[in-house]
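This is a predicted model, with the sequence first.
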Amino acid sequence: MRLAYLVAAGGIPVQGPTGASGHVRELVQALRRTGPCALYAAVEADHRGRFGPPVPATITGTPGWPSWLAPWRELREVRAARALARRVLEDAHGAPVPPGRPTRENGPPYDLLIERHSLFSDASWRVGARLGIPWILEVNAPHVRERQRFEELRQPALARRWERQVLQAAPCIVTVSPWLRRWLVDTVGCRPERVHWLPNGVPPWVGDRARGRARLGLAADDPVIGFLGSNRPWHGADQLPALARAVGAHLVLIGGFPSPSPAAEGAAGPGPRVLRPGFLHGQALADVLAALDVGLAPYPADAPPWFCPLKLFHYRAQGTPVVATDVGALSELVAGGGSVVPPDEPRALAAAVKHWLGAPRPPRRVRSWDSVARELRTLGAALPRRAPPAPRGLWAPGL
C-alpha cells in the first residue's frame, strides 16, 4: 500500500524539537519500514533549530500574511494547507508510473492518505476526493478547545464549523487517547465505527544503564529521578527541583530546559544536582532513561486530559518505574509499571518516588512505532476505495 503522510501545521516542523515533531519523524520512518510512504509537510525547521535524524520530505512552506489582515490571520493556515494539497495533486498527476502499474489516467500513485489533523486544514479531504482514494485523520487534540485555552483564536465560529465538518467527513479517525475518542463520538458526532484508539509508540532502542550514568557523570548508586519533555505550564516540571531535594535524589531534565544563571544555581545550596543534558535522541536517550531510578509525569489537575504522553512510553520501554499523576489516561498507561497519585499533592508524589527509589524495576513494555504503522495500514486497507465528495462549505474570505 502506497501512502502519503501530510502535516499541514506550520507549528510542527519535521525536524522540530517537540514531541509532536518527534511523533511525525518516528511514525513516518516506521511507515516507510512497512512500505512506501511519501511525507508532505508545511515546514521542515524553524528558529529553534534542527533536531532528530533527518527525515526526507517534500516541504511546501507557509505563506506570508499582511498586518492589516490580522483579524483573519488564521486564514494563513488555510492557505498553507491548500498549498500542501496542491503539491500532492501536482506530484500525483506528474509522477512517472513504473511498468506494470496503472497509468495516470486509470489509477493514482497513492492508495491511502494519512494526515496529522490540524485546525483549518482540509488537505486530505480535497486530495482524497480528487484522486478517489480514502484518507485517515490522526487526531491528537481537540484543536479549537486547545487553542482557545492556550493561545488565541480570532475566528472561533469559523474554526468550530471547520473542525466539525472535517472530522465528520473523515472515513477513518485514529486518536491517541480514550478521551479523544469519546469527544469525537459524543461531542463532534463522528460515527463510532470510524474512530479508533491507537496509542503512541517508541523506537525499539535498549538503553545501557551504566553508560547512561557515565554520560550524566553519576555514580552507580546515586539516586536519580528524571523528566523527559519541556517546561510547558501543564507539564508540572516547575515542582521537580523541590521534589528532588525532598527525596534526596539528583534530577535530570531532558529536553528544552535552559540552564539557570550561576547565581541561581549557587542559591540552591548544597545537595542533589539538577542535570540538563538537553535534547537527546536514539541510543543516547535510551541510555539516559535507563539510568533513571524513576521517570516522572507530574501533570497538574487542570492539565489537558486528551494527552498521550510520549514520555511514559519511553520510560516503560527502558523498564524505568513511572510516577505520574491521575490525569487523563495516565493510570491506564502506567498500570503495572509504577505508581499513579492524585495531582497537586506534593507529599503523595514524594512518597511514591521514595517507594520506587531502590525498588525492583518493572519489566520493559515496548509499544513500537512499527506496531502503530502496521495498525494504520490495516485500517487503511479495510476502507472503501471511494473517498467522500470534495468539501463545498469550507469557504473563507480571500480563498
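That came through, no problem.

going forward, measure contacts and count neighbours with C-alpha atoms only.
OK.

remind me which residues of the stretch 151-300 of the chain are low pLDDT?
258-271 (pLDDT under 70).

Which residue ranges of it form strands?
172-175, 195-197, 224-230, 250-256, 274-278, 294-297 (DSSP state E, counting those that start in this stretch).

Please list the outside residues in contact with the third one.
Surrounding strand 224-230, the residues in contact under the criterion Cα atoms under 8 Å, 6 or more residues apart in numbering are 18-19, 237, 244, 249-257, 289, 291-297, 311.

If I take it and strand 274-278, what angle do their directions form?
40 degrees (axes from the mean of the first three to the mean of the last three Cα atoms, to 10 degrees).

Kindly calculate the angle that strand 224-230 makes with strand 250-256.
Using the same axes, to 10 degrees, strand 224-230 lies at 20 degrees relative to strand 250-256.

Just say which of the strands of the stretch 151-300 of the chain is most tucked in.
strand 294-297 (a mean of 26; mean count of other Cα atoms under 10 Å).

Each with direction, which strands does it pair with?
strand 224-230 (parallel), strand 322-325 (parallel) (DSSP bridges).

ok now the very next helix or strand once past it, how far from the chain's centre?
Next along the chain after strand 294-297, taking DSSP states H and E as the criterion, comes helix 310-317. Centroid displacement of helix 310-317 relative to its chain, using Cα atoms, centre = their mean, to the nearest Å, is 13 Å.

now swap in stretch 373-383 and tell me
For stretch 373-383, the distance to the chain centre is 19 Å (Cα atoms, centre = their mean).

List of residues touching it?
Met1, Leu27, Ala30, Leu31, Thr34, Leu112, Pro134, Trp135, Ile136, Pro171, Cys172.

hmm, try it at 7 Å
Stretch 373-383 has contacts (Cα atoms under 7 Å, 6 or more residues apart in numbering) with Leu27, Ala30, Leu31, Leu112, Pro134.

What is the burial count for Tyr315?
Using other Cα atoms under 10 Å, Tyr315 has 28 neighbouring residues.

What's the per-residue pLDDT of it here?
For Tyr315, the model assigns a pLDDT of 96.

what about the helices in the chain?
19-33, 75-94, 123-131, 143-150, 156-169, 178-182, 209-216, 240-247, 262-267, 282-291, 310-317, 330-334, 346-356, 369-381 (DSSP state H).

can you give me the angle the longest one makes with helix 123-131?
Which is helix 75-94. 30 degrees.

List the buried residues in helix 75-94.
75-89, 92 (16 or more other Cα atoms under 10 Å).

So for Gly393, what's the pLDDT?
56.

ok, for Thr60, nearest residue in space, not its chain neighbours?
Ala42 (4.9 Å; Cα to Cα, 6 or more residues apart in numbering).

for Val188, that is, sorry about that
Arg164 (6.1 Å).

so can I have CSV of the strands paired with strand 294-297 showing distance to His196?
CSV is the format used below for the strands paired with strand 294-297 (distance: least, Cα to Cα, whole Å):
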stretch, distance to His196
strand 224-230, 26
strand 322-325, 25
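
among the ones you listed, which is nearest Trp179?
Among those, the nearest to Trp179 by Cα to Cα is strand 322-325 (16.2 Å).

sorry, back to before: tell me which of the strands paired with strand 294-297 sits nearest to Val14.
strand 224-230 (17.3 Å).

Now do the closest one against helix 209-216: the angle between them, please.
70 degrees.

Start at 41, not 1
Understood, numbering begins at 41; the last thing we discussed is strand 264-270.

so how far is Leu320 from Leu238?
25 Å (Cα to Cα, to the nearest Å).

now Gly276
Counting by Cα to Cα - Gly276 and Leu320 are separated by 20 Å.

between those two, who's got more neighbours?
Gly276 (20 against 17).

what residues are up against Leu115?
No contacts exist for Leu115 under Cα under 7 Å, 6+ apart.

In JSON lines: the contacts of stretch 413-423, plus pLDDT, neighbour count and distance to Asp226.
Shown next, in JSON lines, are these (pLDDT from 0 to 100; neighbours: other Cα atoms under 10 Å; distance: Cα to Cα, whole Å):
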{"residue": "Leu67", "pLDDT": "97", "neighbour count": "23", "distance to Asp226": "28"}
{"residue": "Ala70", "pLDDT": "96", "neighbour count": "20", "distance to Asp226": "32"}
{"residue": "Leu71", "pLDDT": "97", "neighbour count": "25", "distance to Asp226": "31"}
{"residue": "Leu152", "pLDDT": "96", "neighbour count": "26", "distance to Asp226": "27"}
{"residue": "Pro174", "pLDDT": "94", "neighbour count": "27", "distance to Asp226": "24"}
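
Quick one, which of the helices of the chain gets closest to Arg156.
Per Cα to Cα, nearest to Arg156 of the helices of the chain: helix 59-73, 8.3 Å.

in that closest one, what counts as buried?
Under 16+ other Cα under 10 Å, the buried positions of helix 59-73 are 59-72.

Contacts made by that helix with the rest, please.
Against helix 59-73 from outside (Cα under 7 Å, 6+ apart): Ile52, Pro53, Val54, Gln55, Cys77, Val95, Trp409, Asp410, Ala413.

Try it again at 8 Å.
So helix 59-73 is contacted by 45, 52-56, 77, 79, 92, 95, 242-243, 269, 350, 409-410, 412-414 (Cα under 8 Å, 6+ apart).

count of neighbours near the residue nearest to Val228?
16.

Check Thr418 too.
Neighbours around Thr418, by other Cα under 10 Å: 12.

again, but for Pro400
The number of residues packed near Pro400 is 11, by other Cα under 10 Å.

now, the most widely separated pair of the contacts of stretch 413-423?
Going by Cα to Cα, the pair spanning the contacts of stretch 413-423 furthest: Ala70 and Pro174, at 20.3 Å.

for the nearest residue to Leu370 once chain neighbours are set aside, what are its contacts?
Closest residue to Leu370 apart from its sequence neighbours, by Cα to Cα, 6+ apart: Ala364 at 7.0 Å. For Ala364, the contacting residues are Leu336, Ala337, Pro338, Tyr339, Leu370, Ser371, Val374, Ser379, Val380, Val381, Leu389, by Cα under 8 Å, 6+ apart.
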